[in-house]
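Engineer: Okay, structure incoming, though there's no sequence with it:
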DNA sequence: GATGAATGAGCATTCATTCAT
DNA sequence: CATGAATGAATGCTCATTCAT
């Protein structure tokens, strides 16, 4: 089955929406702006998506699917932790836009959008599997979760989003930032893994 | 003297704006909604603030001032790290709303608002002073900064914002979450301080 | 084909805008009033015109186009001056609304809108062609221009705008005003043409 | 009696209002802008004037008064027409701002503001007195009036307002424009006076 | 699949004006 | 005389969305 034209249009909409949502935030990015930048009629967007929010959800689903695919492929757990971190960060840097959207939406205190936690869970589960001796006491579980989420997941997700601004603000070169971040996250998170 | 004390009106606007910006995001929270919730005429808001953005900046400045005051007062560095973390987090939990706004705005990839980094810098400087032997090599400096920002500042700021949703999503009690977070951040960040 | 023909909507907007701009002045005539009087939704006006100013410019362009068409048609220069003046004034009386807008906008001392001079130039060029022996000395040129602009163009444009008020204020009948104006402009301007 | 402070405030408001009304038009110039530019509180303006329109009327009255004063002084009719025109234009050039306001307001087709005609009448009466043999037939009267108003008053008033833009648009020096205008108005209007 | 045209509701902002002091 | 504070109504303009074609 060949991909239809309609499919390409849908993809283009998602692509442009991802960019604009990430640049300006979901609320500030208008359907009109997406339509203009994509070169697609506004009404056509509503042919492919029922409303603005459903574009966001399609973006989320895309990301979740790609993470699942990665898990299936990368089942060969890296023995080398550094290699593992690097692959992780490299993947997320490409996803920078959707990651920023995910974080911004999760931080609206009124928003009951679970997507960030959904994705975090799946990431953390991968990690759980990478680690052998997981103790079962509730305290250990809570500590493990807090460790994974707040000192692993959040720093990495925040890094890919804030990297550029961090570099600009502190006047650090790209290479140096990456090296420093890898070293920091290794020491703080991976070398202290709760096991 | 005029009808009412304008200072109180200004404070009320800031208070309500902080709540709504945090709940819905800066863009989704409208001046009309702020005016309605504050019981203050829309035009009165514009008597006190030149535009919507300047309300945000007033909020930022308030936070920066309060952090400066804290630094001046808390010069007696806690010998006990745990006490120090707890005070830090307790303070920020009260500031949860402005913290969420700060993070959301920083994560707009097009936004050149430096406020998050400004505040982080000030926090990190306090930390720098708490730690005695700071080495001067650029690599060490970069590592120290990355450690502070991405494994200290960002996790703590994210925690106060995401705490509630985290608890709800993972079904953990308030006390347990706090304990687990304290333990995790201690192990990952404070016990591994770059010195 | 869409619900209605957008061209008609656009024309209706221009028509109503011309009336209201002329009646109240550009600034006092609101888009809301235009929308209400035209029976067209406010947002529809912004579908057809990017902003309020661009409605004004569309009006100017319409007038310029109609003047160009007239020039092309009326190449047979009237041998009788009186016939010529009458045709000229008759045409402009139909354009009274846009003429009044043009004059009002030109008289804002801060406004760098050239439209009045653009149109005057084109009118004066027609006149230049009607007259045979045009001398080339700069003084003569300046005199010719001043004569055409200030004692020909401006009086005629002002006449079509102020005619009604002039009649009412001085208590003169329509026919008498026209006759008197024709006689006056003939004596003062056309009979004294700089040649 | 010394001029009070309040009097000076009132004068300053009128002065600034005249400038802004002339620059932007009556409707576009806001009380807020006047207050800011004058360095006078908005409420203070309402202490001196009942509403916006009454500022305009005060401006009109000032102009009318000054014209009356001139008539009383200048009763020695210049035997030299050229001198007379020059004095007339020189006076009006200083009044450029109020003249532009007067013309703009008169050109709103809905406006029943008579001020322009009031002032024109007074000017034309002076002229009537300068000229000896005024015939009494209605036709002659109408012609005289049309001649004075449309080929004398309107060109001169328009000249002082449009002079700068005219110069800029046609690329003519200040001196040349004045000379050309004087020559044109002399030939067209004064040399052809209806008597 | 796609689009030009249209819309009701809402946006941030400004208006002329008021009033207690 | 003067002003800081406040306001109802309006401003120009944009929003997400709809619908006939």
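Structural biologist: Yep, it's here. Predicted model, so just to flag it, every value in this text is computed and none were measured. Residues are numbered from 1 along each chain as shown, chains lettered A, B, ... in the order given.

Engineer: Every contact and neighbour count from this point should use C-alpha atoms.
Structural biologist: Noted.

Engineer: If we go by neighbour counts, what in the helix ranked longest in chain A is buried?
Structural biologist: Using DSSP state H to define each element, chain A has its longest helix at helix A:52-73. Within helix A:52-73, the residues that count as buried by 16 or more other CA atoms under 10 Å in any protein chain shown are A:55, A:56, A:59, A:60, A:63, A:64, A:67.

Engineer: which helices and strands does that helix pack with?
Structural biologist: Under the contact criterion of 3 or more CA pairs under 8 Å, 6 or more residues apart in numbering or on different chains; DSSP states H and E, helix A:52-73 touches helix A:5-24, helix A:96-106, helix A:115-130.

Engineer: one step back: now flag whichever of the buried residues of helix A:52-73 is closest to residue B:37.
Structural biologist: Residue B:37 has its nearest neighbour among those in residue A:56, at 28.7 Å by CA to CA.

Engineer: In contact with the residue positioned nearest the centre of chain A, which residues?
Structural biologist: Centroid-nearest residue in chain A: residue A:99, 3.5 Å away (criterion: CA atoms, centre = their mean). Counting by CA atoms under 8 Å, 6 or more residues apart in numbering or on different chains, residue A:99 makes contact with A:92, A:157, A:160, A:161.

Engineer: and the least confident helix or strand in chain A by mean pLDDT, how far from the chain's centre?
Structural biologist: Lowest mean confidence among the helices and strands of chain A (mean pLDDT, DSSP states H and E): helix A:115-130, at a mean of 85. In terms of CA atoms, centre = their mean, to the nearest Å, the gap separating the centre of helix A:115-130 from the centre of its chain is 11 Å.

Engineer: So chain A: which segments form each domain?
Structural biologist: A:1-49, A:61-190 (automatic domain parsing).

Engineer: Any idea which of these gets closest to residue B:50?
Structural biologist: Taking CA to CA, domain A:1-49 is the member of the domains of chain A nearest to residue B:50, at 20.1 Å.

Engineer: can you list the weak-confidence ranges in chain A?
Structural biologist: Counting by pLDDT under 70, the ranges of chain A that qualify are A:1-4, A:74-79, A:128-136, A:194-195.

Engineer: Run through the neighbouring helices and strands of the host helix or strand of residue A:82.
Structural biologist: Here residue A:82 sits within helix A:81-94, counting by DSSP states H and E. Applying 3+ CA pairs under 8 Å, 6+ apart, one finds that helix A:81-94 contacts helix A:154-170, helix A:174-185.

Engineer: wait, what's in contact with residue A:109?
Structural biologist: B:22, B:23, B:24, B:97, B:100, B:161, B:162.

Engineer: The third one is in contact with residue A:110, isn't it?
Structural biologist: So the one you mean is residue B:24. Yes. With contact defined as CA atoms under 8 Å, residue B:24 reaches residue A:110; the gap is 6.2 Å.

Engineer: higher neighbour count, those two?
Structural biologist: residue B:24 (19 against 16; other CA atoms under 10 Å in any protein chain shown).

Engineer: Leaving out chain neighbours, which residue sits closest to the more buried one?
Structural biologist: Closest residue in space to residue B:24, ignoring its immediate chain neighbours: residue A:108 at 5.4 Å, by CA to CA, 6 or more residues apart in numbering or on different chains.

Engineer: tell me, which of the buried residues of helix A:52-73 make contact with DNA strand F?
Structural biologist: Subset of the buried residues of helix A:52-73 in contact with DNA strand F: empty, counting by CA under 7 Å from any atom of the strand.

Engineer: circling back to that earlier point, could you identify the most distant pair in the contacts of residue A:109?
Structural biologist: Longest distance between any two of these is 14.3 Å, between B:24 and B:162; criterion CA to CA.

Engineer: Quick check: residue A:119 vs DNA strand F, distance?
Structural biologist: Computed as CA to the nearest atom of the strand, to the nearest Å, the residue A:119 to DNA strand F distance reads 25 Å.

Engineer: Contact partners for residue A:32?
Structural biologist: Applying CA under 8 Å, 6+ apart to residue A:32 gives the contacts residue A:42.

Engineer: and the host helix or strand of it with DNA strand E, contact?
Structural biologist: Element membership of residue A:32 [criterion: DSSP H and E] is helix A:31-38. No. Using CA under 7 Å from any atom of the strand, helix A:31-38 never reaches DNA strand E; the gap is at least 8.8 Å.

Engineer: In that helix, which residues are buried?
Structural biologist: For helix A:31-38, burial by neighbour count (16+ other CA under 10 Å) applies to A:31, A:34, A:35, A:38.

Engineer: and if you look at stretch A:152-166?
Structural biologist: By 16+ other CA under 10 Å, the buried positions in stretch A:152-166 come out as A:152-163, A:165-166.

Engineer: out of the residues you listed, who's nearest chain D?
Structural biologist: Ranking the buried residues of stretch A:152-166 by separation from chain D, with CA to the nearest CA as the measure, puts residue A:165 on top at 39.0 Å.

Engineer: From residue B:111, how far off is the closest one?
Structural biologist: 9 Å (CA to CA, to the nearest Å).

Engineer: need the residues of chain A near DNA strand E, please.
Structural biologist: Taking CA under 7 Å from any atom of the strand as the criterion, chain A approaches DNA strand E at residues A:4-7, A:9-10, A:40-47.

Engineer: Which of those ranks first by neighbour count?
Structural biologist: The member of the residues of chain A next to DNA strand E surrounded by the most neighbours (other CA under 10 Å) is residue A:45, with 22 neighbours in all.

Engineer: helix or strand for that residue, which one?
Structural biologist: Assigned by DSSP H and E, residue A:45 belongs to helix A:42-48.

Engineer: That helix and DNA strand F in contact?
Structural biologist: Yes. Judged by CA under 7 Å from any atom of the strand, helix A:42-48 comes into contact with DNA strand F through A:42, A:43, A:46.

Engineer: And that helix, what does it pack against?
Structural biologist: With contacts defined as 3+ CA pairs under 8 Å, 6+ apart, helix A:42-48 has these neighbours: helix A:5-24, helix A:31-38.

Engineer: hang on, the earlier thing: right, and the domains of chain A - which one's nearest residue D:14?
Structural biologist: Among the domains of chain A, the nearest to residue D:14 by CA to CA is domain A:1-49 (43.6 Å).

Engineer: so how far is the closest one off the chain centroid?
Structural biologist: Centroid separation between domain A:1-49 and its chain, computed with CA atoms, centre = their mean, is 20 Å.

Engineer: Noted, bye for now.
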